[in-house]
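Peer 1: Okay, here's the prediction I keep looking at, along with the sequence it came from:
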Amino acid sequence: MTAKIIDGNAVARHVRGEWKKRVEALKVRGITPGLSVIIIGNNPASRVYVRNKVKACAEVGLHSEVHEFPVDAGEQVILERIEELNRNPAIHGILVQLPMPPHLEARRLLGAISIDKDVDGFHLYNVGGLVVGENNIFPPCTPYGVQCLLEYENIPIEGQNVVVVGASNIVGKPMALMLMAKDATVSICHIKTRDLAQFTILADILIVAAGCPRLITAPMVKRGAAVIDVGINRLADGTLAGDVDFDGVKEKASFITPVPGGVGPMTVTMLICNTVAAAERNAAKQGERVAVTS
Ligand code: GUN
């Protein structure tokens with residue numbers, strides 16, 4: 001068996017096209033969805049990610065702005081900017097690019113973002129909403145993108161064995177919660193899991209976000225599994241590699257995502273979706289307010 005290679009760029013293009021129509025509908029009502037991205041310091045990878053977010057916003061018709069702070073910026077000045085953006089009616093989504101410099105308390109900064117504008121889904125309100133299965137939260141963009149890929153490819157989730165390798169707050173944990181909400185049987189493993197293969201071999205859907213190049217090899221994969229590789233690792237020779245040995249595993253899986261060009265384009269796309277959804281919800285709320293006061 002040779003796996004179907006899931007083209008994340010093509011799925012992202014399709015999803016962006018659908019959401020562009022929603023942006024156009026908002027624009028008819030005089031609303032342009034707006035995203036503010038806060039970046040602190042000079043992390044080169046973060047700069048690339050932020051550039052991609054700005055580019056995607058322009059492509060779908062959103063307003064975006066980048067708020068840059070020096071690496072030694074104090075917490076107060078950033079908190080004040082977040083407060084300003086919380087009050088700004090032209091901004092519907094706010095995110096702080098991670099990682100942030102170590103002197104800053106990430107929880108405090110992320111917690112200052114209005115829950116209605118938390119399009120990264122990192123505020124504890126949105127995290128808790130994911131745990132209890134609240135509908136109206138913003139799902140974190142990378143696992144949301146993986147879920148979208150699975151659904152786009154009509155890969156069944158309900159009742160399936162899902163193994164998530166990697167237990168980060170950004171990917172692994174929310175991914176597990178999202179698929180539990182769809183009635184999958186989910187196991188979470190990580191880099192310290194003893195005999196990782198005894199878990200991965202059971203997976204109908206294997207999602208790997210461990211940050212460890214080529215951690216998953218063909219003997220660790222069940223024949224016919226769908227394998228989603230969230231890892232992006234830069235090797236010593238400058239090339240990119242995922243967490244999955246693509247060439248070996250593609251001969252055994254039924255679906256596989258490449259790196260690059262798999263999950264990556266979906267993360268940015270789901271950020272766009274969350275921002276447009278935030279603008280729509282805000283417009284609905286304003287409408288309700290007008291209806292009550294008139
Ligand atoms: N750094 C790596 N992934 C992400 C993400 O999804 N959001 C933010 N804000 N920072 C990140």
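Peer 2: That came in fine, so what should we check first?
Peer 1: drop to CA atoms for contacts and neighbour counts, all remaining ones
Peer 2: Will do.
Peer 1: tell me the pLDDT at the closest residue to G41 other than its chain neighbours?
Peer 2: Leaving aside its sequence neighbours, G41 sits nearest to V71 (CA to CA, 6 or more residues apart in numbering; 3.7 Å). For V71, the model assigns a pLDDT of 98.
Peer 1: wait, what's in contact with V71?
Peer 2: V71 sits next to 40-42, 101 when contact means CA atoms under 8 Å, 6 or more residues apart in numbering.
Peer 1: Pick the one among those residues closest to A203.
Peer 2: Relative to A203, the closest of the contacts of V71 is P101; by CA to CA it sits at 36.7 Å.
Peer 1: pLDDT at the closest one, what is it?
Peer 2: We note a pLDDT of 97 for P101 in this prediction.
Peer 1: circling back: quick one: buried ones out of the contacts of V71?
Peer 2: Neighbour counting over these (16 or more other CA atoms under 10 Å) leaves 40-41, 101 as the buried ones.
Peer 1: Give the helix, strand or coil label for the residue nearest to G41.
Peer 2: coil (DSSP: H, G, I helix; E, B strand; the rest coil).
Peer 1: from the contacts of V71, which is closest to D116?
Peer 2: The closest of those, once distances to D116 are taken by CA to CA, is I40, at 22.5 Å.
Peer 1: Test my guess that the closest one contacts L104.
Peer 2: No. Contact between I40 and L104 fails when scored by CA atoms under 8 Å: they sit 9.9 Å apart.
Peer 1: hmm, back to that, which of the contacts of V71 sits closest to N9?
Peer 2: Nearest to N9 among those: N42, at 27.2 Å, using CA to CA.
Peer 1: sec struct for that closest one, please.
Peer 2: Here N42 is recorded as coil under three-state DSSP.
Peer 1: How about R81?
Peer 2: helix.
Peer 1: got the contact list for the residue nearest to M266 when sequence neighbours are not counted?
Peer 2: Residue nearest to M266 in three dimensions, not counting chain neighbours: G145, with 4.8 Å by CA to CA, 6+ apart. Contacts for G145 (CA under 8 Å, 6+ apart) come out as 263, 266-267, 269-270.
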